[in-house]
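>>> All I have is the shape, not the residue letters:
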């Protein structure tokens, strides 16, 4: 239906939730939270080997969260992106490198003007292998930053796709993302 549904109303429909082990054959998935999901989604869409990116919510306790509830901080969820990728073309480590470049991982619950736990820096891991790679990556990039990295490594949980009007937002609207590259 696009950005607007019938009679000019915003498309508030949401795709069904995605469970951590729901991975298409021949692909892998990674979930990242780095502030407002619009710019994060756009950055990962530019990566060769990335098959799809969904903006959404994860890491909270509320089933079927909405944008309004997440923005109010009522759900415990973070704005995040679910990245589906071809591991033959791009490695998980490469996706982590993009993650470090598109946000400031040294600010607790904040990215630019966005403040609250819903804007936290987090890597949501599907398995022990992703956890180990993420933890090694944090240690490897820490020297690039003057302050300690506060990025959380959390267990991946149900990923709730955001409402339709949030998907491919930067691409559809031409508005720039809210992230600064190369901190």
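Thanks, I have the structure now. What you are looking at is a predicted structure, and each value in this text was computed from that prediction instead of being measured.
>>> make it CA atoms for all contacts and neighbour counts henceforth
Noted.
>>> can you pull the buried residues of the lengthiest helix in the chain?
Counting by DSSP state H, the longest helix found in the chain is helix 128-141. Neighbour counts over helix 128-141 (16 or more other Cα atoms under 10 Å) mark 130, 131, 134, 137, 138 as buried.
>>> Show me how far it is from its chain's centre.
Distance of helix 128-141 from its chain centroid, counting by Cα atoms, centre = their mean, to the nearest Å, is 17 Å.
>>> after that helix, next one along is what?
strand 152-155 (DSSP states H and E).
>>> Centre of the chain to that next one, how far?
That offset, for strand 152-155, works out to 13 Å (Cα atoms, centre = their mean).
>>> Next, the contact list for the closest residue to residue 149 other than its chain neighbours, please.
Once flanking residues are discounted, residue 149 sits nearest to residue 106: 4.5 Å by Cα to Cα, 6 or more residues apart in numbering. Applying Cα atoms under 8 Å, 6 or more residues apart in numbering to residue 106 gives the contacts 145, 147, 148, 149, 150, 151.
>>> Out of those, the closest to residue 83 would be?
If you rank these by distance to residue 83 using Cα to Cα, residue 151 comes first, at 17.9 Å.
>>> Please look at the closest one and residue 104 and confirm they touch.
No - if you go by Cα atoms under 8 Å, residue 151 and residue 104 don't touch, sitting 9.3 Å apart.
>>> Could you say which helix or strand holds the nearest residue to residue 145 once chain neighbours are set aside?
Among residues not flanking residue 145 along the chain, residue 106 sits closest, at 7.7 Å (Cα to Cα, 6+ apart). Under DSSP H and E, no helix or strand contains residue 106.
>>> pLDDT value on residue 106, please?
At residue 106, the predicted lDDT confidence score is 97.
>>> From residue 91, how far out is it?
Distance of residue 106 to residue 91, given as Cα to Cα, to the nearest Å: 24 Å.
>>> Then residue 101?
Taking Cα to Cα, one finds residue 101 at 16 Å from residue 91.
>>> One more: residue 36?
For residue 36, the distance to residue 91 equals 24 Å [Cα to Cα].
>>> more crowded one of those two?
Set residue 36 next to residue 91 and count neighbours by other Cα atoms under 10 Å: residue 36 wins out with 26 against 15.
>>> Quick check, the more buried one in contact with residue 78.
No - counting by Cα under 8 Å, residue 36 stays clear of residue 78, with 9.1 Å between them.
>>> Give me the common contacts of those two.
Jointly contacting residue 36 and residue 78 under the rule Cα under 8 Å, 6+ apart are residue 119.
>>> where along this protein do the helices fall?
Using DSSP H, helices in the chain cover 37-45, 67-72, 92-101, 128-141, 169-173.
>>> what's the closest of those helices to residue 83?
helix 37-45 (7.4 Å).
>>> so how far is that closest one from its chain's centroid?
8 Å.
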